[in-house]
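Q: here is a sequence together with a model predicted from it:
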Amino acid sequence: MPASAPLIRRRAVIKAKLTRIEKYVDEFDPNKNNINELSTRLELLEVTLKDFEKAQLDIELAADDESELEIHDKEREVFETRYCTVVSEIKTFIKKNDKKGAIAGTSSQSNLNNTSDELNLKLPVYNLPVFTGSYKDWLSFSDQFRSVIHDNTKLDNCKKFYYLKSCLKNEALKAVESLSISNDNYSIAWDLLTKRYANKRLIAQEHVYAILNFPVITKASHNHLRELIDNVTSNLEALKVLQVPVHNWDAIIVPIITEKLDLYSRRDWQSQLNTSIPKYQDLLLFLEKRFQTLESLFYSNKQVLAYKFSNQNSATNSKSNNYATTTNLNNGNKLRSCNHCRQAGHYINQCTEFTNLNINQRLKAVDRLRLCKNCLRDNHATVDCKSKSRCKNCNLNHNTLIHGANDQQTSTVQQSESVSLNSYSDINTLKSGILSTAIILIMDKKGQYQECRAFLDSGSMNHFITSDMCKKLGLTRQKIEIQIGGINQATSSVNYSTQVSIKSKYNQYSQNIRCLILDRITENLPVSSVNLANITVPKNIKLADPQFYRSAPIDLLIGAELFVPLMCIGQIHLAPGQPHFQKTHLGWILGGTINLTNNKTKALCHLSHLGTELQEQVTKFLNIEDVRVIADKLSPEERQCETHFRDTAKRNSQGRFIVRLPFKNSLPDLGDSKQGAVKRFRSLENKFAKQPEFKEQYSDFNKEYIKMDHMELVNNPNLKDIMFCYLPHPAVLKSPSSTTKLRAVFDASFCTNNGKSLNDNWMCGPVIQDDLFAILTRFRIHRYVITADIAKMYRQILVNLADLVSRGLQPSELINNEFWFKGPTWLMSDFERTLSEYPDFSNINEMPEKRKNIIAAAETIITPLPVMAKISSLRKLNRVIVYCLRWVDNYRESKRQALILTGPLKISKLQKANFTIIRWVQNQTFAKELNSLKKGKPISSKSSILTLNPFLSKDNLLRVGGRLRNAKFNFSTKH
């Protein structure tokens, strides 16, 4: 059984599918069958063609001889003929059905019947206008639709609404899309459209913008000039309909139109002007004459070129053909039609209606029309596109008109996928540049030399090799991250490089170079094969690339580093129109221009440089190394908990912290906890029975608690009158710990019988420990770092004994609680006895040596004047301060036996006291700002008074600046 037998069976299944579709189309009756079934089968045919192409290609590749290949070629030809026939029949059925469904057809037919007695003429089918939502098209659409549909009394509103929706597209359709088709909704829909688009201001604005936004004509062309004339004329006439006085616009419209002209047309127009203001009609007459002149010149030149090319073709066909490829010069004679607007004479990429859409709308139109996204043709899919054209913006496999659409943004390359940027243009000359190529030897991983085709490029700072050649040679790749820049500032990323050893075919010249690896370096070079008969190659020279005229892929690019060292003494130039021959270590290379018989060429430009600018690299590095401190965002509960701690926390005489428990409510919501705690303790005892060593460690831990007075035994507890909570305390064993191998965990999350725990009744404070990232980055600051485990850290904190009410003390208990009203017992004991409890230091002759405490950080705490806390009246406080200051002054004067101040207070003293009060308040509120200003430094950007431009006056008061400094007030009022 031959290897291709399964493939032939698969092809037979596909052909049978086509036969069934042919049979259905032959038996199709438009009166019985649904026309939509044909559309479905048309889509099925496209899938069938793709399946056939795939199966046929596999069969042809598996063919052994030429005779078998010819048989398969005939199979392909027969299938394609059948496919085209059935597709044409389906499209004909669909087109006929569309014509029958048009209301304009019936209207024109009725008009034809009415006038057939008088004139034997067949009127053309009238298609209803289409409105896409452009304001400038509304008046035309509204007038046509009113005359045909809206004012037609033979149609009910339901049918009118149906025709209205069929005429709307894009934004206009969205305005009424939510309304269902009914008699009542037609009036609503028409009113919605009228209110939205019958806006004379916006319509006039659209027409004005259409004139202003017309592109400048860069090259004299009758087509471009005709478009300008039509654009200006149609928009100005539309403005006249809107009763805009455009007849007075000569001084405005003439300069605008003149700026749109090409250089030579503008020069001719300016040369015939005088000192008076030119008229628009005079400019229009000038443009019409110039259009006729350019049009005549264009067609006369076209006839001359056609005659010239026909003579060349006849002369060429009479000789033997030595061309590597054959080019058809009459490609432009094919009938062109647009898939978007269905009009002949242009393709979709030249369609004004298509190019006026935004990028995403264009992409949707391409998907709806099932066009190739690369060349915008409808006879193949994108993956099967053979066009070598790429997007001019990013050089990817899609058309430039849909560049930037959402569905196309899938590549990580910024602007181009390859380093060599290819710029395509239609060149009206019959000359083309030829680029230098060479066949060189390159060493693979086994040490053997293999041939590869290299391109010599003096415009590249780097050497490149294709990934396919790298895999073929088995070269080792190194990971890199480099940005490569090309023409028009296009960049791409290169991720790998490799070391390459190259050698000349004709001598012992060899070099080791490092190449960047790309999937593709450039187009095939030359872009199209060249007729060798047009090039005279000198005899007795060894070409670096003997087949330079054949279009072939490039495997290696040699950059500027080796370009000049490769050159040798020797250059040959035979005649104009012939390339130059340059001698190199790799052989003789070609460069320059050659004459072509095909006027369609591609212009290639190769340029690359490393995008490693110092500033960009340093900026990226600093952004990576930047450690930003983000301010904590506290929740309301965390903020309340922190406030509670600041207000209640304090230290006793022994240096231990005393805190109050942060309950959410004054009476905690707790149930019975003893039963559950006892149950957990019994479980712990069972663990002790199984692990005696664990029990011993646990006992030692608790004994240490009692020994250090961190825990005490409750003897004969009377807990009926107070609120209490039992906490289970399971043990946790942590062998790696340097301080505590075993510790007890007092489980405050243990739930009582009402489902609430002690943790549920406490406020949740903020996380005070730094995150892991902050801790790790702190290690980068110091040269030496010491880590330590703080033992028994939280045992040094006492619960405030006065915090009785917050722990659930009843009012009846508070009345009889002596501790609440009288304080601790030592306050009521004998003072002498209390002093005797302290150690006697009278016998100590010398104080023991102690290590000095080093303050790592200090904060100045400014306390308010004691008198300020006692007096609430500013007037009274001001006078008290004056008397205090007078007493200080009198005390100082008494030592010097000077006069003592008495009598009523002076205004200057009252003002001085007022400044004293203000200074104390400012020191409390704006301490940081005052400190910065005193040191001559700018205040912090986080300061709340930064926008007031604060400054420090001579009397050391913080005052505000700003625009009031120019006001005609005294200094104190302004600041």
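A: Alright, I've got the coordinates.

Q: make it CA atoms for all contacts and neighbour counts henceforth
A: Noted.

Q: tell me the pLDDT of residue 544.
A: If you check residue 544, the pLDDT there is 90.

Q: how about the one 4 residues further on?
A: Reading off the confidence values, residue 548 has pLDDT 85.

Q: now swap in residue 498 and tell me
A: Looking at residue 498, its pLDDT stands at 92.

Q: that one touches residue 512, doesn't it?
A: No - applying Cα atoms under 8 Å, one finds residue 498 not in contact with residue 512, separated by 10.6 Å.

Q: which of those two has more neighbours?
A: residue 498 (17 against 11; other Cα atoms under 10 Å).

Q: and the strand or helix carrying that one, what does it pack against?
A: For residue 498, the host element (DSSP states H and E) is strand 491-503. Judged by 3 or more Cα pairs under 8 Å, 6 or more residues apart in numbering; DSSP states H and E, strand 491-503 is in contact with strand 437-443, strand 478-485, strand 510-518.

Q: domain parsing for this structure?
A: The chain breaks down by automatic domain parsing into domains covering 5-101, 104-198, 203-314, 335-408, 435-620, 636-827, 866-974.

Q: can I get the helices and strands packed on strand 491-503 in TSV with mean pLDDT and distance to residue 491?
A: Output for these, formatted as TSV (pLDDT from 0 to 100; distance: least, Cα to Cα, whole Å):
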stretch	mean pLDDT	distance to residue 491
strand 437-443	92	25
strand 478-485	83	4
strand 510-518	91	13
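
Q: so which bits of the helix or strand where residue 923 lies are buried?
A: According to DSSP H and E, residue 923 maps onto helix 907-925. Buried residues in helix 907-925, defined by neighbour count with 16 or more other Cα atoms under 10 Å: 909, 910, 912, 913, 914, 915, 916, 917, 919, 920, 921, 923.

Q: following it, which helix or strand shows up next?
A: Counting by DSSP H and E, the element after helix 907-925 in chain order, helix or strand, is helix 927-934.

Q: packing partners of that next one?
A: Applying 3+ Cα pairs under 8 Å, 6+ apart, we find helix 927-934 packed against strand 950-952.

Q: give me the contact list for the strand it packs on.
A: Strand 950-952 is contacted from outside by 930, 933, 934, 958, 959, 960, 961, using Cα atoms under 8 Å, 6 or more residues apart in numbering.

Q: what bridges to the fifth one?
A: When bridges are taken as DSSP bridges, the partners of residue 959 come out as residue 951.

Q: any idea what the nearest residue to residue 465 once chain neighbours are set aside is bridged to?
A: For residue 465, ignoring the flanking residues on the chain, the nearest one in space by Cα to Cα, 6 or more residues apart in numbering is residue 556 at 4.5 Å. Beta-bridge partners recorded for residue 556 (DSSP bridges): residue 454, residue 465.

Q: I'd say residue 556 and residue 468 touch.
A: No - at 10.7 Å, residue 556 and residue 468 do not qualify as touching, with contact defined as Cα under 8 Å.

Q: so which of the two has more stuff around it?
A: Set residue 556 next to residue 468 and count neighbours by other Cα under 10 Å: residue 556 wins out with 29 against 14.

Q: can you pull the contacts of the more buried one?
A: 452, 453, 454, 455, 463, 464, 465, 466, 521.

Q: I'd assumed residue 439 was in contact with the second one.
A: The reference is to residue 453. Yes - using Cα under 8 Å, residue 453 is in contact with residue 439, at 4.7 Å.

Q: between those two, who's got more neighbours?
A: Legend: neighbour count by other Cα under 10 Å for residue 453 and residue 439, higher for residue 439 (23 against 20).

Q: residue ranges of the strands in the stretch 51-200 of the chain, please?
A: Here the stretch 51-200 of the chain has no strands by DSSP state E, counting those that start in this stretch.

Q: where does pLDDT dip in it?
A: 98-127, 133, 136, 154, 175, 178-180, 182-183, 198-199 (pLDDT under 70).

Q: ditto for the stretch 351-500 of the chain
A: Along the stretch 351-500 of the chain, segments meeting pLDDT under 70 span 404-432, 488-489.

Q: any idea where the strands of it begin and end?
A: Secondary structure of the stretch 351-500 of the chain by DSSP E, counting those that start in this stretch: the strands cover 421-423, 431-434, 437-443, 449-456, 463-466, 478-485, 491-503.

Q: in JSON lines: those strands, plus distance to residue 194.
A: As requested, the strands of the stretch 351-500 of the chain are arranged in JSON lines below (distance: least, Cα to Cα, whole Å):
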{"stretch": "strand 421-423", "distance to residue 194": "48"}
{"stretch": "strand 431-434", "distance to residue 194": "58"}
{"stretch": "strand 437-443", "distance to residue 194": "67"}
{"stretch": "strand 449-456", "distance to residue 194": "64"}
{"stretch": "strand 463-466", "distance to residue 194": "61"}
{"stretch": "strand 478-485", "distance to residue 194": "53"}
{"stretch": "strand 491-503", "distance to residue 194": "50"}
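
Q: among those strands, which is nearest residue 682?
A: Across the strands of the stretch 351-500 of the chain, the minimum distance to residue 682, taken as Cα to Cα, is reached by strand 478-485, at 62.6 Å.

Q: what packs against the closest one?
A: Checking 3+ Cα pairs under 8 Å, 6+ apart, strand 478-485 ends up next to strand 491-503, strand 609-610.

Q: of all the helices and strands packed on strand 491-503, which lies closest to residue 71?
A: Nearest of the helices and strands packed on strand 491-503 to residue 71, taken as Cα to Cα: strand 437-443 at 38.4 Å.

Q: the closest one: how far from the chain's middle?
A: From the chain centre to the centre of strand 437-443 is a distance of 43 Å (Cα atoms, centre = their mean, to the nearest Å).

Q: next, count neighbours for the closest residue in space to residue 444 that isn't next to it in sequence.
A: Leaving out its chain neighbours, the residue that sits closest to residue 444 by Cα to Cα, 6+ apart is residue 473, at 4.4 Å. Number of residues near residue 473 (other Cα under 10 Å) recorded here: 19.

Q: before we move on, what about residue 87?
A: 19.

Q: from residue 759, how far out is it?
A: Distance of residue 87 to residue 759, given as Cα to Cα, to the nearest Å: 77 Å.

Q: repeat for residue 172
A: Relative to residue 759, residue 172 is positioned 62 Å away (Cα to Cα).

Q: go on, residue 769?
A: In this view, residue 769 and residue 759 are 19 Å apart by Cα to Cα.

Q: these two: who's more crowded?
A: Using other Cα under 10 Å as the criterion, residue 769 and residue 759 rank with residue 759 on top: 14 against 8.

Q: list the buried residues for the host helix or strand of the more buried one?
A: Using DSSP H and E, residue 759 sits within helix 758-761. Using 16+ other Cα under 10 Å as the test for burial, helix 758-761 gives 758, 760, 761.

Q: you'd agree the second one is up against residue 754?
A: No - using Cα under 8 Å, residue 760 is not in contact with residue 754; the gap is 11.7 Å.

Q: hey, where'd the helices end up in the stretch 701-850 of the chain?
A: 758-761, 772-778, 811-815, 818-822, 831-836 (DSSP state H, counting those that start in this stretch).

Q: among those, which gets the worst mean confidence?
A: Of all these, the minimum mean pLDDT falls on helix 831-836 (a mean of 50).

Q: what angle separates the next helix or strand after it from helix 907-925?
A: Once the chain leaves helix 831-836, the next helix or strand it forms, by DSSP H and E, is helix 874-895. If you take axes from the mean of the first three to the mean of the last three Cα atoms, to 10 degrees, helix 874-895 sits at 110 degrees to helix 907-925.

Q: give the buried residues for helix 874-895.
A: Under the neighbour-count rule (16+ other Cα under 10 Å), helix 874-895 has 877, 878, 879, 880, 881, 882, 883, 886, 890 buried.

Q: do the same with stretch 551-570
A: Neighbour-count burial for stretch 551-570 flags 551-562, 567 (criterion: 16+ other Cα under 10 Å).
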